[in-house]
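>>> just the structure for this:
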Amino acid sequence: MTISALIPARLNSTRLEKKLLIDLGGVPVIVRTYQNIISTGLFNEVIVVTDSDEIISVLNEYNIKFFKSVEPHNTGTDRIAEFSEELKTDIIINIQGDEPFVNREDLVKIIEEFKIDTTNEINLISLMIKLKNPTDISNPNNVKVVVNNSSDAILFSRSSIPFSRGDFKPDFYKHIGVYAFRNTFLREFAKYHQTPLEKTEMIEALRVIENGKKIRMIEVFKEHVSIDTLEDLKIAESILNEK
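Purely as a prediction, here's the structure:
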């Protein structure tokens with residue numbers, strides 16, 4: 001089984017301008033993310049996918065392989081899907097460019113799930129982590145996910161789901177935006193149009209659910225750091241200083 005990691009990298013960002021090019025421990029964030037994924041030793045190839053010449057200039061400086069997207073894209077998954085036909089690989093894992101410390105053990109869990117799926121019933125795998133702090137649960141920046149007894153996603157939302165009523169206290173899970181596709185399914189996803197719930201919530205995983213497909217969710221126990229704000233950048237710097 002061949003496995004590729006693709007890192008979508010968009011230059012413009014809403015809350016932290018050009019965040020992928022901000023210095024993190026001496027190198028830009030996008031370079032830090034790439035180096036972390038390369039260091040896992042899990043992938044046949046690691047490629048950054050971007051439409052930005054400014055990012056490409058940095059990638060060339062560090063001899064990082066990249067694809068330049070031609071079409072405009074609404075999401076990172078759409079961006080990597082542009083190259084699904086070009087890649088002759090079985091599994092493609094989409095790793096966000098602003099997550100420089102994705103845990104190797106979490107990626108191993110994803111890969112092992114595909115390996116034991118000998119009947120190829122699982123086409124898409126993602127990650128979730130339990131939320132305990134009420135502030136984190138209510139925070140719309142944390143995408144929540146509800147799963148069934150097979151750990152397949154039922155619904156994603158920025159709202160606090162499930163609704164807590166009465167004495168029973170449900171578990172709340174945050175969706176971690178690492179997506180692992182069978183390449184054949186990524187090609188199918190590329191043909192889907194954005195769906196009503198996806199447009200409402202701005203969560204691309206809902207496009208899969210609304211088209212009647214499954215997403216297998218794996219629980220992990222270490223938080224992934226996404227750099228969206230200056231506060232996030234400070235957290236990332238402190239993590240780097242501890243290593």
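>>> from the chain's centre, how far out does the longest strand along the chain sit?
The longest strand of the chain (DSSP state E) is strand 172-182. With CA atoms, centre = their mean, to the nearest Å as the basis, strand 172-182 stands 6 Å off its chain's centre.
>>> so the nearest residue to residue 147 once chain neighbours are set aside is in which element?
Closest residue in space to residue 147, ignoring its immediate chain neighbours: residue 217 at 5.1 Å, by CB to CB, 6 or more residues apart in numbering. (Glycine included, C-beta is placed from N, CA and C.) Under the criterion of DSSP states H and E, residue 217 resides in strand 216-219.
>>> and that strand, what's buried?
By 16 or more other CB atoms under 10 Å, the buried positions in strand 216-219 come out as 216, 217, 218.
>>> now stretch 88-98
For stretch 88-98, a neighbour-count test (16+ other CB under 10 Å) marks 89, 90, 91, 92, 93, 94, 95, 96, 97, 98 as buried.
>>> do me a favour and get the end-to-end distance for it?
26 Å (CA to CA, to the nearest Å).
>>> looking only at pLDDT, what's the mean for that stretch?
Confidence for stretch 88-98, expressed as mean pLDDT, is 94.
>>> next: stretch 16-24.
92.
>>> could you work out the end-to-end span of that stretch for me?
Using CA to CA, the end-to-end distance of stretch 16-24 comes to 14 Å.
>>> and stretch 79-93, by the same measure?
Criterion CA to CA; first-to-last residue distance in stretch 79-93 is 13 Å.
>>> picking up where we left off before, you'd agree the residue nearest to residue 147 is up against residue 151?
Yes. Between residue 217 and residue 151 there is a contact at 5.2 Å, judged by CB atoms under 8 Å.
>>> returning to what we had before: packing partners for whichever helix or strand comes after the longest strand of the chain?
Helices and strands here follow DSSP H and E; after strand 172-182, the next one along the chain is helix 183-189. Taking 3 or more CB pairs under 8 Å, 6 or more residues apart in numbering; DSSP states H and E as contact, the helices and strands that helix 183-189 lies on are helix 76-81, strand 91-94.
>>> the bottom helix or strand of this structure by mean pLDDT?
helix 230-242 (a mean of 87; mean pLDDT, DSSP states H and E).
>>> in it, what counts as buried?
If you call a residue buried by 16+ other CB under 10 Å, then helix 230-242 has these buried ones: 232, 233, 235, 236.
>>> now for those residues: which two are most distant?
233 and 235 (7.3 Å; CB to CB).
>>> residue 25 contacts residue 233, correct?
No. Between residue 25 and residue 233 there is no contact under CB under 8 Å: 10.9 Å.
>>> excluding chain neighbours, what is closest to residue 239?
Nearest to residue 239 is residue 101, by CB to CB, 6+ apart, at 6.0 Å.
>>> pLDDT score for the one you found?
Note for residue 101: predicted pLDDT of 93.
>>> please apply the same query to residue 144.
So, for residue 144, pLDDT stands at 98.
>>> ramachandran coordinates for it?
Residue 144 adopts backbone torsions of phi -100, psi 150, taken as degrees, to the nearest 10.
>>> roughly how far apart are it and residue 230?
25 Å (CB to CB, to the nearest Å).
>>> can you pull out the strands in the chain?
Using DSSP E, strands in the chain cover 3-9, 23-24, 27-28, 45-50, 66-68, 91-94, 124-131, 144-147, 153-157, 172-182, 216-219.
>>> ok, how many other residues are close to the closest residue to residue 202 other than its chain neighbours?
Nearest non-adjacent residue to residue 202, counting by CB to CB, 6+ apart: residue 158, 7.9 Å away. Other residues lying near residue 158 total 16 when counted by other CB atoms under 10 Å.
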